[in-house]
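Enquirer: Coordinates for the following, if possible.
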Amino acid sequence: MENKIVFDENSFRRLEKKEKDLGTVYHRSFWKEAVKEIKSNPMAVFAVVFLVVIIIAVLLAPLSPYDPNQLNLANKFAEPSLQHPFGCDAYGRDYFTRALYGGRVSLLVGFAAMLVTVFIGTTIGIFSGYIGGKLDMLLMRFTDIFLALPSMLLMIVLNTILKPGMTTLIAVLSLFSWASVARITRAETMSLKERDFVIAAKNLGANSVLIAVKHIFPNILGSVIVAASLGVASAILTESSLSFLGLGISIPHASWGSMLQEAQGYILDKPIMAIYPGLLILLTVLSFNILGDVLRSALEPKIVK
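Expert: Numbering: from 1, shown residues only. Predicted structure coming up:
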């Protein structure tokens, strides 16, 4: 007589409960892990709060009663006060207002360059890793060329040749930053393309573009976000360096780097003029780097107890 296995309506519920008790069922959310990591790290909390405050402040810069470019020699080198929290520069311009408008430029260039960088790098990385073969070899050799180039030197040359301005800065920064993102996304894509859900989609007739957009990109989004946060910090630092060399935003418009350049002539008499933009660059870049490290930690696999 054959033994029959009888399932009642609670069998699957008991099985699911057993798997949960054993820790075999675990739905991990990147955003939940990121929030958890931020809350557990005081430096990460400071980074998030500082970035929120500085972004809101630069967005509200037009509410300042002062024109950032208006000269007023009567206020030349005015000391910090309630009317002028950061004092005034050599031309009597309100330094706090210029710092806010300079932050608008630095952050806008940083975010815009990051978006272009991530778009180019992710597109090349995904299709290179998924399609493979000769296309992969060609795209990766092209990427290696850009990784091997002396990027800072070429940025200086291009900014000298081209018309200075925000568009030029964004284009030059993006041109020499996408290669590292392409490497990261290619590695992630090569790992994902062998997964069952990608193979199933391919067998069902989905084309490469649909698979890349609908199946691969959402699964590497976490790594892309980490690369983007670090890319913003790198772009702000590079923009500040170029502006300090006089190759960034044209006079009289301000960025944090150009404010440092203007302050170097008075560094012995008025060192405070260099301290304000220097601290803003330091804290902003440091905050983005801390945030990038926290997001990277959120992506790391963890043992579920």
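
Enquirer: Which residue comes closest to P252 once chain neighbours are left out?
Expert: Excluding the flanking residues, the one nearest P252 by C-beta to C-beta, 6 or more residues apart in numbering is N69, at 4.5 Å. Every C-beta, even on glycine, is put in place using the N, C-alpha and C of the backbone.

Enquirer: got it, and L60?
Expert: L100 (7.9 Å).

Enquirer: Three-state assignment for the one you found, please.
Expert: helix (DSSP: H, G, I helix; E, B strand; the rest coil).

Enquirer: quick one: it from F127, how far?
Expert: 41 Å (C-beta to C-beta, to the nearest Å).

Enquirer: What of K76?
Expert: Relative to F127, and taking C-beta to C-beta, K76 is found at 57 Å.

Enquirer: Who are the contact partners of the residue nearest to P252?
Expert: R93, P252, H253, A254 (C-beta atoms under 8 Å, 6 or more residues apart in numbering).

Enquirer: List just the nearest of those to E37.
Expert: Lowest distance from E37 to the contacts of N69 (C-beta to C-beta) belongs to A254, with 35.1 Å.

Enquirer: what does the model give R104 for pLDDT?
Expert: R104 carries a pLDDT value of 90.

Enquirer: more crowded one of L100 and F127?
Expert: The residue with more neighbours, out of L100 and F127 and counting by other C-beta atoms under 10 Å, is L100; that gives 24 against 21.

Enquirer: which residues touch the more buried one?
Expert: Per C-beta under 8 Å, 6+ apart, neighbours of L100: A57, V58, L60, A61, S64, P68.

Enquirer: same thing but 7 Å
Expert: L100 is in contact with A57, V58, A61, S64, counting by C-beta atoms under 7 Å, 6 or more residues apart in numbering.

Enquirer: swap in W256?
Expert: W256 neighbours (C-beta under 7 Å, 6+ apart): G102, G103, S106, S240, P277, L280, I281.

Enquirer: One more pass at 6 Å, please.
Expert: G102, S106, S240, P277, L280, I281 (C-beta atoms under 6 Å, 6 or more residues apart in numbering).

Enquirer: how far away is it from G246?
Expert: 14 Å.

Enquirer: try L115
Expert: 26 Å.

Enquirer: Nearest spatial neighbour of the residue positioned nearest the centre of the chain, chain-adjacent residues omitted?
Expert: Centroid check for the chain by C-alpha atoms, centre = their mean gives S229 as the closest residue, at 2.7 Å. Nearest residue to S229, sequence neighbours excluded (C-beta to C-beta, 6+ apart): G292, at 4.1 Å.

Enquirer: mind checking which helix or strand that neighbour is in?
Expert: Applying DSSP states H and E as the criterion places G292 in helix 272-299.

Enquirer: Can you give the distance from that helix to the centre of its chain?
Expert: Remark: helix 272-299 is offset 11 Å from the chain centroid, using C-alpha atoms, centre = their mean, to the nearest Å.

Enquirer: buried ones in the helix or strand hosting V157?
Expert: In this assignment (DSSP H and E), V157 forms part of helix 151-161. Neighbour-count burial for helix 151-161 flags S151, M155, I156, N159 (criterion: 16 or more other C-beta atoms under 10 Å).

Enquirer: For that helix, list the C-alpha coordinates in CSV.
Expert: In CSV, the C-alpha atoms belonging to helix 151-161 read as follows (Å, rounded to 0.1, in the frame of the first residue of the first chain):
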residue,chain,number,x,y,z
SER,A,151,43.0,64.0,-16.5
MET,A,152,43.8,67.1,-14.4
LEU,A,153,46.4,68.3,-17.0
LEU,A,154,44.0,67.7,-19.9
MET,A,155,41.2,69.5,-18.0
ILE,A,156,43.4,72.5,-17.6
VAL,A,157,44.3,72.5,-21.3
LEU,A,158,40.7,72.1,-22.4
ASN,A,159,39.5,74.8,-20.1
THR,A,160,42.2,77.1,-21.5
ILE,A,161,41.2,76.4,-25.1
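
Enquirer: List the contacts of the helix or strand just after it.
Expert: Counting by DSSP H and E, the next helix or strand C-terminal to helix 151-161 is helix 166-175. Outside helix 166-175, the residues that touch it by C-beta under 6 Å, 6+ apart are V109, A112, A113, V116, T117, M155, L158, L162, A235, T238, E239, G248.

Enquirer: confidence score at I124?
Expert: 91.
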